[in-house]
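In: I would like the atomic coordinates for the input below:
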Amino acid sequence: MITCIAIDDEPKALEVIERYCKKTSLVDLKASFREPVKAIEFLNREKVDLIFLDINMPDISGMQLVQTLSPRPMIIFTTAYSHYAVESYDLNALDYLLKPITFERFLAAINKAAGTLPSKNLMSNEDDPTVFIKSGPQTYQVKVADILYLEKDGNYITVHLKGKNILIRENMGDIFDLVPAPDFLRVHKSFVVAIKHIAMIEVHQLVINGEKIPIGSTYRETLRERLRLK
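Out: The predicted structure follows:
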């Protein structure tokens, strides 16, 4: 799960980010700040993966705040002004969200962030990486290349592999601690798929190993962006 904070001097803008964070299990919003100085004090004590950061703020701008941070978390700028875009990318910002921010665009940015974080469970082997998957008292070492997709059902997730399935008790929001985010994509609230195994894509579904998997409406734009579909 991606840990994050939000910094914006506008209460309504913060409320939007807070509401959107609650709608997805991919992020854990640790705190929100209207005063940038208090946010800096928090960051000196706590480490987060990501900051949602407004640009126009009193005392110190979002651009200036970024330059004070070391080490620097991922940054997603949130602003009503498009002319800051070039400068934000000069600071290696992950994304740039124009207000009013839609949930679909927010989710696309979050998935981009998830794609940059390495799996905490990944064993280093460049040619044939593996992950350890715990199922009850047993733990399996599984080749990442053999994972087709993951399907949530209640409190459990089924890991669909080539030749067998493994049932695990896991939260969907923590799934990218289990599998490497750059190789997998969430396409529905109940499905995460291995990108390399996608055989065909339609508007509302895709096919992996002959199985039809639904594409949720809030995930379509992210899928198009990740796969560079026109």
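In: Spatially nearest residue to Ile147, not counting backbone neighbours?
Out: Excluding the flanking residues, the one nearest Ile147 by C-beta to C-beta, 6 or more residues apart in numbering is Ala194, at 5.4 Å. No exception for glycine: its C-beta is placed from N, CA and C like everyone else's.
In: Show me where this structure has its helices.
Out: 11-23, 36-45, 62-68, 85-90, 103-116, 220-227 (DSSP state H).
In: Give me the outermost residue of this structure relative to its centroid.
Out: No residue in the chain has its C-alpha farther from the mean C-alpha position than Asp59, which lies at 30.5 Å (C-alpha atoms, centre = their mean).
In: My understanding was that that one contacts Lys38; is that so?
Out: No. Applying C-beta atoms under 8 Å, one finds Asp59 not in contact with Lys38, separated by 10.6 Å.
In: Let me see the contact set for Ile201.
Out: Counting by C-beta atoms under 8 Å, 6 or more residues apart in numbering, Ile201 makes contact with Val207, Ile215, Leu223, Leu227, Leu229.
In: from these, which single one is nearest Ile5?
Out: Distance to Ile5 across the contacts of Ile201 (C-beta to C-beta) is lowest for Leu223, with 27.5 Å.
In: Pull the number of nearby residues for the closest one.
Out: By the criterion of other C-beta atoms under 10 Å, Leu223 has 22 neighbours.
In: Contact partners for it?
Out: Taking C-beta under 8 Å, 6+ apart, we find Leu223 in contact with Leu185, Val187, Ile201, Ile215, Leu229.
In: what about burial for the residues you listed, which qualify?
Out: Leu185, Val187, Ile201, Ile215 (16 or more other C-beta atoms under 10 Å).
In: about what we covered before: ok, what's across the strand from the residue nearest to Ile147?
Out: Ala194 has the following beta-bridge partners by DSSP bridges: Phe184.
In: how near is it to Tyr149?
Out: Per C-beta to C-beta, to the nearest Å, Ala194 is found 6 Å from Tyr149.
In: ok, back up a step: let me know the closest of the contacts of Ile201 to Asp9.
Out: Closest approach to Asp9 among the contacts of Ile201 (C-beta to C-beta): Leu223, at 34.0 Å.
In: so what pLDDT did that closest one get?
Out: Looking at Leu223, its pLDDT is 89.
In: So for Ile110, what's the nearest residue that isn't a sequence neighbour?
Out: Leaving aside its sequence neighbours, Ile110 sits nearest to Leu26 (C-beta to C-beta, 6+ apart; 5.2 Å).
In: contacting residues around the one you found?
Out: Met1, Ile2, Ile110, Asn111, Ala114, Gly173, Phe176, Arg186.
In: can you do 7 Å?
Out: If a contact means C-beta atoms under 7 Å, 6 or more residues apart in numbering, then Leu26 has Met1, Ile2, Ile110, Ala114, Gly173 as its contacts.
In: contacting residues around the residue farthest from the centre of the chain?
Out: So Asp59 contacts Pro36, Val37 (C-beta under 7 Å, 6+ apart).
In: how close does Gly154 get to Asp8?
Out: From Gly154 to Asp8 the distance is 36 Å (C-beta to C-beta).
In: Repeat that for Phe52.
Out: Distance, Phe52 to Asp8, by C-beta to C-beta: 7 Å.
In: Need the residues touching each of these two.
Out: Taking C-beta under 7 Å, 6+ apart as the contact rule, Phe52 and Asp8 both touch Thr78.
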